[in-house]
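[1] Attaching a predicted model along with its sequence, questions to come.
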Amino acid sequence: MGEAAFPRKAVKTEHFDVVIVGAGISGVGAAYHLTKQSPDRSFVVLEALESFGGTWLMHKYPGIRSDSDLYTFGYRFKPWVGPPIATAEEIRTYMNEVIEENDLARHIRYQHKIATARWSSEQNLWTLEGVRTDTNEPVRFTANFLWMCQGYYRHAEGYTPEWPGMDRYKGRIVHPQTWPEDLDYKGKKVIVIGSGATTATVVPAIAPDCEHVTVVQRSPTYFIPARNENDLANVLRELKIDETWIHEIVRRKALHDQALFTKRSFTEPEVVKQELLGGVALFVGEDEVKKNFTPTYRPWRQRIAFVPDGDLFQGIKAGKASVVTDEIETFTEKGLRLKSGKEIEGDIIVTATGFNLSVLGDIDFVVDGKKVDFADTVTYRGMMFTGVPNMVWVFGYFRASWTLRVDLLGDFVCRLLNHMKKKGARRVEVKLRPEDKGMKLLPWIDPENFNPGYLMRSMHLLPKRGDKPEWQHTQDYWAEKDQLPAIDLDGAEFHYGYDHAAKVRPRATAA
């Protein structure tokens, strides 16, 4: 969708200081921080879907809920008053309150899908072109700064491997990401392929209505089964403590516990492993744990899902669900045949097999006439990229709540925008410093530390990282919460540009 698709004369161009792409948890947080920390900036939020929420709007499968506690997944500025693990509906209600309380709705344009983003150094300007999905009308926006908050996977389709025999299966194949409204699973035999958080959510939600649910997994994963309550929050409420203080206290306690747990997963992985397995064994017994719930990798090499009240394991114990650890040889007319020779029949097969990663919304980026291949760029702290001016990408944490980084980057972007205004700068770009010459370039994330399938399948599309903390997304919230606010915005990695008519500009101190 470029010049040929949208002739300039036919399309109205709207200008804003900042364009935020996406109205999910990141985009709504970005909008809030702009209104509070850079209130003089004009901005618009462009969202491809019909409403706000992102993941929590798009996913419709039964039981959809968070796998992180809402005291850290919620924004730092908005107290969470519900249970630690929340449903999609509860999360969207919370987001709607943020939008209403801060008058953000007037800034959001729904059903605006962006296709191209072109940067001009001559104008110090981004030009975004796309389409309104409800009317199919072309749209164009210009912006001084681009804040990418669109998430990191493709909403339109999930990832389903190609297995032999899928075409001869007579039942219905469903991916949770595109769960059909008319799917009737009551009284049916259902097979769920997969072992992650989505499986742990879907199975307990549908099992009571099904004849039986069989989970087929190639390899087990780790879970944390626990009560969906926060005892500290409950006590503080009994003491009539203000909710703002409860949120802050419980949030800090949760972050402290998470930091300790993450550290222990590296320093004493076997001890942590036995603790996690022991929690599952309380529900299903040692034999079932050894057979189907003992992963081959150390904890935290993939995300660990919280299972509220152990509902997944209660269903297994009650006989409404069962787990088979094996590999699929082929689909059959009635279900699956596994490599062990075992055959499983199912009226419906749910492929809870992950998603397809999207690099910056699959938007075509062009800088000064040259198409950007993000795999050729080097990331600055996982949020900016060499050769791409005036843009920040929000990519959260794997081992902590995504929203923690939304708040940190909200602070950073607003501080950067305010600093540019103070300097009179129109452009900022990150570049490798003289001391970075010859720095080894590596994949976006170290696969030895974190290696889910969606990342491994798409690593070649992502920016490179260096072997220094400044040039990688460390995934360490507990370090970044101190490091990001301390960034010297006049450090050697930041290069500023001005209007072409301007002469020499003074070098300002960090704002």
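    Received it, and whenever you're ready, just let me know what you need. Residues are numbered from 1 along each chain as shown.
[2] counting contacts, what elements does whichever strand or helix holds residue 250 pack onto?
    Assigned by DSSP states H and E, residue 250 belongs to helix 243-267. Helices and strands touching helix 243-267, by 3 or more Cβ pairs under 8 Å, 6 or more residues apart in numbering; DSSP states H and E, are helix 70-73, helix 231-238, helix 269-284, helix 477-483. Bear in mind the C-beta positions are built from the backbone N, C-alpha and C, glycine included.
[3] Which one, of those, ends up nearest to residue 155?
    Nearest of the helices and strands packed on helix 243-267 to residue 155, taken as Cβ to Cβ: helix 70-73 at 19.4 Å.
[4] will you turn the helices and strands packed on helix 243-267 into CSV that also has mean neighbour count?
    Putting the helices and strands packed on helix 243-267 into CSV (neighbours: other Cβ atoms under 10 Å) gives the following:
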stretch, mean neighbour count
helix 70-73, 24
helix 231-238, 14
helix 269-284, 16
helix 477-483, 16
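[5] want to throw these into JSON lines with distance to residue 130 and mean pLDDT?
    Formatted as JSON lines, those follow (distance: least, Cβ to Cβ, whole Å; pLDDT from 0 to 100):
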{"stretch": "helix 70-73", "distance to residue 130": "29", "mean pLDDT": "94"}
{"stretch": "helix 231-238", "distance to residue 130": "42", "mean pLDDT": "96"}
{"stretch": "helix 269-284", "distance to residue 130": "44", "mean pLDDT": "96"}
{"stretch": "helix 477-483", "distance to residue 130": "32", "mean pLDDT": "95"}
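[6] Those: which one's closest to residue 163?
    helix 269-284 (27.7 Å).
[7] C-terminal to that closest one, what's the next element?
    On the C-terminal side of helix 269-284, the nearest following helix or strand under DSSP H and E is helix 286-292.
[8] Can you mark which positions in the helix holding residue 250 are buried?
    Of all the residues in helix 243-267, those buried under the rule 16 or more other Cβ atoms under 10 Å are 246-247, 250-251, 254-255, 258-259, 261-262, 265.
[9] what do you get for stretch 494-501?
    494, 496-498.
[10] any weak-confidence spans in this protein?
    Where the chain drops to pLDDT under 70, the residues are 1-10, 451-452, 454, 500-511.
[11] got the domain boundaries for it?
    Domain segmentation of the chain under automatic domain parsing yields 8-155+358-497, 160-353.
[12] gap between the two ends of the shortest one?
    Length of domain 160-353, first residue to last, Cα to Cα, to the nearest Å: 6 Å.
[13] mind checking how far the helix holding residue 250 is from the chain centre?
    20 Å (Cα atoms, centre = their mean, to the nearest Å).
[14] swap in stretch 346-365?
    13 Å.
[15] now do stretch 109-128
    23 Å.
[16] Span of that stretch from start to end?
    The first residue of stretch 109-128 is 14 Å away from its last residue (Cα to Cα).
[17] Then stretch 337-344?
    6 Å.
[18] Go ahead and name everything in contact with the helix holding residue 250.
    By Cβ atoms under 8 Å, 6 or more residues apart in numbering, the residues outside helix 243-267 that reach it are 69, 71-72, 74, 76, 78-81, 230, 232-233, 236-237, 241, 271-272, 298-300, 399-400, 404, 477-478.
[19] now the strands: where do they sit in the stretch 101-250 of the chain?
    Secondary structure of the stretch 101-250 of the chain by DSSP state E, counting those that start in this stretch: the strands cover 108-109, 112-120, 125-132, 138-148, 153-158, 172-174, 189-193, 212-217, 223-226.
[20] which strands and helices sit next to the second one?
    Right, strand 112-120. For strand 112-120, the elements it packs on are strand 125-132, strand 364-367, judged by 3+ Cβ pairs under 8 Å, 6+ apart.
[21] Direction included, what does the last one pair against?
    This means strand 364-367. strand 112-120 (parallel), strand 370-371 (antiparallel) (DSSP bridges).
[22] what's in contact with that strand?
    Under Cβ under 8 Å, 6+ apart, the answer for strand 364-367 is 2, 115-119, 121, 371-372, 374, 387-389.
[23] from the residues you listed, which would you call buried?
    Listed as buried from these are 115-119, 121, 372, 374, 387-389; burial here means 16+ other Cβ under 10 Å.
[24] Check the residues you listed and tell me the two furthest apart.
    The largest separation in these, counting by Cβ to Cβ, is between 115 and 121 at 21.6 Å.
[25] what's the spacing between residue 259 and residue 144?
    37 Å (Cβ to Cβ, to the nearest Å).
[26] ignore the last one, residue 161
    For residue 161, the distance to residue 144 equals 43 Å [Cβ to Cβ].
[27] So which of those two has more stuff around it?
    Counting neighbours by other Cβ atoms under 10 Å for residue 161 and for residue 144 shows that residue 144 has the greater number, 20 against 11.
[28] ok so, going back, comparing the strands of the stretch 101-250 of the chain, which stretch has the densest surroundings?
    strand 189-193 (a mean of 24; mean count of other Cβ atoms under 10 Å).
[29] got the contact list for that strand?
    Contacts of strand 189-193 (Cβ under 8 Å, 6+ apart): 199, 202-203, 206, 210-217, 328, 335-336, 344-353.
[30] can I get the CA coordinates of that strand in CSV?
    Taking Å, rounded to 0.1, in the frame of the first residue of the first chain, the C-alpha atoms of strand 189-193 are listed here in CSV:
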residue,chain,number,x,y,z
LYS,A,189,-14.5,-35.8,22.8
VAL,A,190,-11.9,-33.0,22.4
ILE,A,191,-8.2,-33.3,21.8
VAL,A,192,-6.0,-30.3,22.8
ILE,A,193,-2.6,-30.3,21.3
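[31] That strand to strand 212-217, inter-axis angle?
    Orientation of strand 189-193 against strand 212-217 (axes from the mean of the first three to the mean of the last three Cα atoms, to 10 degrees) gives an angle of 20 degrees.
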